[in-house]
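[1] Pasted the sequence and its predicted model underneath.
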Amino acid sequence: MRTAYRLIPVLVLLAALVPLMRARRAETLPLYASRTGLMCQSCHFDPNGGGPRNEFGFAFAKNRHELTPDTSGAWKDLDLTNRVGDRLPLYVGLNQRFMLLGNRLATKNLDRLGFFSMENAWYLTFQPHSRLTLVYSRDGFESSSITQDAFALITGFPADAYIKAGRFRTPFGLRMDDHTVATRNGFLDFQNAESFLPYDPRHPDEGVEAGADKGPVFGRVAFTNGASDVFGPEPFADAVTAKLGANTRFGQIAASFYDDYLKNGQGTFRRATRWGGYALTHVRRLALLGELDAGTNEDLAGAKRNLLAAFGEADYSFNRVTNVRARYDLYQGDRDDTAVLLEDGSTVTRRDADTYQRYSVEGEFLLVPFAELRWAVRRIQPKASRDLLGNPLDKETQGFLQLHLSY
């Protein structure tokens, strides 16, 4: 309950800003939403963005990420659709990310270099009429592939309200295309492997969600399993997610809250709570977006650990095919400033030993419609030189090339 109170000032601020904004009702890269002023559901069936595109979103991709049609060059006569037909309202989609990744820690030589398939998914969406949408996605074609999103969406209620039930991504924060941002899964895979969220945002949860849009204001609330399993040792679903925000043609702001409580204490934590806010806007072809979140983890013995994560980025789109980005990420896995004495007599605070910053320069180049080449150079810097056991903390340099195919 104390955590919920911390949201009140943010919600009051949102309410105060709403009358000052000129509404424009409505994509999911938040980058595209920032650039166009549209909401995620303008391009996607899921109100929170991501997954299969609707017809408008497909046209946006076909037009090489522009709202206006591509009327010149080699692709001006490209006539495609993702919908089978009027009497069979089935939408199809594909998504694949193939990467070349390299990184190094303290040494001057590469620690690892190789190719891997980061994602390989296909989507089927059936919309028998305007008020019912059935979304189904499968993670690839391998024998180990699993069902990802699988939900029913019922719309057409007053205030553009909707109800969603099944397997879906919770509506906390920005649903980023890059899961390694600090406020999502994080960027410490080759460090301590910690992440900010108490769940993996690349995989769906199970439950129900309701939301509505009234003028520039939008809200979502979801009740899901979280870390519980009705057939397991923690059989009580008790994860709650809420989001409240405002969207105009100038930008979007929103506050989010997530709480997962395990009554039986059979998991890796007893309670995990997160809260925070994000904002995005644009000036011509410059898009700005960022998010600041905090949270608390309570272990099975009742001890609590406070976390903080943030990122900010600036994107500049030169034309339909080229975008460059500068991004800063901050992660604090423990905000306790208690000093710990090391064997050599020096000290390090718990906060500094678990604080990491990442500086990134990235870009995208759209080779042809539905095929994009992405690149990034990233530098990860721990704040302290040693951890709490006295082991050295190394700086890390990463780079990747990614071929992103989507339809």
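    Yes, it's here.

[2] My read is that residue 358 contacts residue 186, right?
    No. The pair residue 358 / residue 186 is not scored as a contact, 9.1 Å apart, by C-beta atoms under 8 Å. For the C-beta atoms, the positions are set from N, CA and C on the backbone; glycine is no exception.

[3] tell me, what's touching those two both at once?
    residue 331 (C-beta atoms under 8 Å, 6 or more residues apart in numbering).

[4] ok, now which ones touch residue 405?
    Contact analysis of residue 405 by C-beta under 8 Å, 6+ apart lists 94, 95, 96, 97, 98, 370, 371, 372.

[5] And for residue 222?
    Contacts of residue 222 by C-beta under 8 Å, 6+ apart are 168, 170, 171, 205, 207, 208, 209, 210, 239, 240, 241, 242.

[6] Show the pLDDT at it.
    Looking at residue 222, its pLDDT stands at 98.

[7] Can you classify it by secondary structure?
    For residue 222, the assignment made with DSSP: H, G, I helix; E, B strand; the rest coil gives strand.

[8] Repeat that for residue 61.
    Relying on three-state DSSP, one would call residue 61 helix.

[9] Can I take it that residue 57 is in a helix?
    Yes. With three-state DSSP as the criterion, residue 57 is part of a helix.

[10] What sits closest to it if chain neighbours are left out?
    In space, and not counting its chain neighbours, residue 57 is closest to residue 43: 2.9 Å by C-beta to C-beta, 6 or more residues apart in numbering.

[11] likewise residue 308?
    residue 332 (4.4 Å).

[12] Check residue 214 too.
    residue 159 (4.7 Å).

[13] Contacts only, for the one you found.
    Contacts of residue 159 by C-beta under 8 Å, 6+ apart are 212, 213, 214.

[14] now, among those, which is nearest to residue 39?
    Lowest distance from residue 39 to these (C-beta to C-beta) belongs to residue 213, with 7.5 Å.

[15] how many other residues sit next to the closest residue to the closest one other than its chain neighbours?
    If the residues on either side of it in the chain are set aside, residue 213 comes closest to residue 160, at 4.3 Å by C-beta to C-beta, 6+ apart. Other residues near residue 160 come to 16 when the count uses other C-beta atoms under 10 Å.

[16] Tell me who's in contact with residue 160.
    Residue 160 neighbours (C-beta under 8 Å, 6+ apart): 212, 213, 214.

[17] I'd like those as JSON lines, with pLDDT appended.
    Output for the contacts of residue 160, formatted as JSON lines (pLDDT from 0 to 100):
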{"residue": "212", "pLDDT": "95"}
{"residue": "213", "pLDDT": "92"}
{"residue": "214", "pLDDT": "90"}
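
[18] Filter those down to the buried ones.
    212, 213 (16 or more other C-beta atoms under 10 Å).

[19] re earlier: specify which member of the contacts of residue 222 is nearest to residue 394.
    Out of the contacts of residue 222, the member with the shortest distance to residue 394 (by C-beta to C-beta) is residue 170, at 33.6 Å.

[20] Averaged pLDDT, stretch 175-186. What do you get?
    94.

[21] Over to stretch 308-324?
    On average, stretch 308-324 scores 95.

[22] returning to what we had before: surely the residue nearest to residue 57 touches residue 59?
    No. Applying C-beta under 8 Å, one finds residue 43 not in contact with residue 59, separated by 9.0 Å.

[23] Between the two, which is the more surrounded one?
    residue 43 (25 against 17).

[24] Check what pLDDT the more buried one gets.
    On the pLDDT scale, residue 43 gets 84.

[25] Would you map the helices across the stretch 1-150 of the chain?
    2-6, 8-17, 30-36, 55-62 (DSSP state H, counting those that start in this stretch).

[26] which stretch in the ones you listed has the least confidence?
    Looking at these, the bottom one is helix 8-17 with a mean of 36.

[27] Now do residue 225 against residue 375, distance only.
    Applying C-beta to C-beta, to the nearest Å, the value for residue 225 to residue 375 is 37 Å.

[28] the more surrounded of those two?
    The residue with more neighbours, out of residue 225 and residue 375, is residue 225; 20 against 15, by other C-beta under 10 Å.

[29] got the contact list for the more buried one?
    Taking C-beta under 8 Å, 6+ apart as the test, what residue 225 contacts is 205, 206, 207, 237, 239.

[30] Who are the contact partners of residue 94?
    121, 122, 123, 405, 406, 407 are the contacts of residue 94 under C-beta under 8 Å, 6+ apart.

[31] doesn't the residue nearest to residue 214 fall inside a helix?
    Yes. The assignment for residue 159, made by three-state DSSP, places it in a helix.

[32] Sheet partners, orientation included, of the lengthiest strand in the chain?
    Ordering each strand of the chain by length in residues (DSSP state E) puts strand 112-129 first. With DSSP bridges as the test, strand 112-129 is paired with strand 90-104 (antiparallel), strand 132-138 (antiparallel).

[33] how far out from the middle of the chain is the last one?
    So that's strand 132-138. Relative to its chain's centre, strand 132-138 lies at 20 Å (C-alpha atoms, centre = their mean, to the nearest Å).

[34] What residues of it count as buried?
    Buried, per 16+ other C-beta under 10 Å, within strand 132-138: 133, 134, 135, 136, 137, 138.

[35] That's all I had, so thanks and see you.
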